[in-house]
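A.B. asks: Pasting the sequence and the predicted model now:
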Amino acid sequence: MSSANPTEQILEALSTVVDPDLKKDLVYLNMVEDVAVDSNRISFTLLLTTPACPLRDQLENDCRVALNRAFPGVRVEIKMDVRKWERKGQQPRPKGLGSVILVLSGKGGVGKSTVAAGLARSLSDLGARVALLDADVHGPSQPIIWRLLNQRPEIVQEKMRPIDCGGVAVLSLGMLVDPSQPLVWRGPMAGNALKQLVTDTDWGTIDYLVIDMPPGTGDVHLTLAQLLPDSYAVLVTTPHELALADARKAAAMCQMESMRIKLLGFVENMSWFSPVHRSDERYYLFGQGGGSVLAKEFEVPLLAQFPLLARVGSGPKKPENLENEMSAHPSDDDLAVADPLEWQKSPYRPYFQVLSSSLARAIAVHQASTSDRMSEDLQTR
């Protein structure tokens, strides 16, 4: 290695590596720290833009190529950490919570809870620390999806601890009440219950809090928007015109300045139906193109399209047997997309991998573009 300042030489080499999302080099973005060098070894810390960075391997490889080109034969050691973007005036959050992703729908029955569960699982697969809060007070689905019926969160020092499900911390009001009894609550009561659920829980330190929201627009949405400002939203719909009509209202709610919610895009669920053993065939049961129309109207991306995939079932389940069925070990015919015991072979897993990667990158770009240091430059590139 040359006798010239080796640290400057290393930074010069790394300045040729460009972040694919932010379109700036790593040195300019202050993503390189703790550079150390000796006669035959270079080490440094690479600060990733997001905990669930899907570009981790690409950036690491680009750094090695750039350094091997400038310093042939020198060993390169790279540590990974996460860049924290700071912004003045950012509202405080409950301790330990990172980015909050609200999974919304205008109408019930469009698959919002399944999308929330699969998104949480796939973000965890990317290496992030993830929690999932079921905020659908009147119809909590996460205890069924994750097979948590009759399980209760542990109370430690007057704080609840979410239940760990294969790396995802899951909490639902459905874990605290009798699942067979309806919650006949007025809106303010439901909002206060969710506020208490958020603030009286020991979340630890998490990178993403995914919240399965109630359908529509109401008190719970207002409460969580105030409690967790500067959140992100994903809006789930089907291509059917009735679902689109209600999704349009939920999207308009996100864009209200007082809500402080950044709408990242739409997920179109049940986009088409494919029969068993004929996955190449597509039948558009609920119409076609509705998600794209909404995305264009609100100037956000259509993040994903999820098909309705047929699977061989064992016939209808009797209601009285549902609890035992869902708490038992799953069979090959179970439809639980996000259950940790079924996730590895779920046919929906590749779709969620694409969705989580897109969301992680979109959140990283937004945080960087609104940070104090990068705002002006990145927004005008």
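C.D. replies: Yep, that arrived.

A.B. asks: and the residue lying closest to Asp207 once chain neighbours are set aside, how many residues sit next to it?
C.D. replies: Excluding its sequence neighbours, the residue lying closest to Asp207 (C-beta to C-beta, 6 or more residues apart in numbering) is Pro51, at 3.8 Å. C-betas here are computed from N, CA, C, even on glycine. Neighbourhood size, Pro51 [other C-beta atoms under 10 Å]: 21.

A.B. asks: Ok, the one 3 residues further on next?
C.D. replies: Applying the criterion other C-beta under 10 Å, we find 19 residues in the vicinity of Pro54.

A.B. asks: and it, how far is that from Glu158?
C.D. replies: Going from Pro54 to Glu158 by C-beta to C-beta, to the nearest Å gives 38 Å.

A.B. asks: List the contacts of Leu222.
C.D. replies: Leu222 makes contacts with 191, 259, as judged by C-beta atoms under 8 Å, 6 or more residues apart in numbering.

A.B. asks: how about a cut-off of 7 Å?
C.D. replies: Contacts were defined as C-beta atoms under 7 Å, 6 or more residues apart in numbering; by that measure Leu222 touches Gly191.

A.B. asks: does Leu22 belong to a helix or a strand, and which?
C.D. replies: Using DSSP states H and E, Leu22 maps to neither a helix nor a strand.

A.B. asks: Run through the strands of the protein in chain order.
C.D. replies: 32-38, 41-48, 75-82, 99-105, 130-134, 154-156, 159-161, 163-165, 168-172, 208-212, 231-237, 261-274, 302-309 (DSSP state E).

A.B. asks: who does Asn269 bridge with?
C.D. replies: Beta-bridge pairing for Asn269 (DSSP bridges): Phe306.

A.B. asks: I'd assumed Val110 was in contact with it.
C.D. replies: Yes. Using C-beta atoms under 7 Å, Asn269 makes contact with Val110 at a distance of 5.6 Å.

A.B. asks: Please identify every residue contacting each of these two.
C.D. replies: Common contacts of Asn269 and Val110 (C-beta under 7 Å, 6+ apart): 236, 238.

A.B. asks: so which of the strands of the chain comes closest to Val198?
C.D. replies: For the strands of the chain, distance to Val198 was read as C-beta to C-beta. The smallest value, 7.1 Å, belongs to strand 130-134.

A.B. asks: Report all helices and strands that the closest one contacts.
C.D. replies: Using 3 or more C-beta pairs under 7 Å, 6 or more residues apart in numbering; DSSP states H and E as the contact test, the elements touching strand 130-134 are helix 112-125, strand 168-172, strand 208-212.

A.B. asks: Which one, of the ones you listed, ends up nearest to Val293?
C.D. replies: helix 112-125 (19.3 Å).

A.B. asks: Let me know the angle separating the closest one from strand 130-134.
C.D. replies: Per axes from the mean of the first three to the mean of the last three C-alpha atoms, to 10 degrees, the angle that helix 112-125 makes with strand 130-134 is 170 degrees.

A.B. asks: elements contacting helix 112-125?
C.D. replies: With 3+ C-beta pairs under 7 Å, 6+ apart as the test, helix 112-125 has strand 99-105, strand 130-134, helix 142-145, strand 168-172, strand 208-212, helix 349-369 packed against it.

A.B. asks: avg pLDDT for the fourth one?
C.D. replies: Computed over strand 168-172, the mean pLDDT rounds to 94.

A.B. asks: same thing with the second one?
C.D. replies: When the per-residue pLDDT values of strand 130-134 are averaged, the result is 95.

A.B. asks: Direction included, what does that strand pair up with?
C.D. replies: Using DSSP bridges, strand 130-134 pairs in its sheet with strand 168-172 (parallel), strand 208-212 (parallel).
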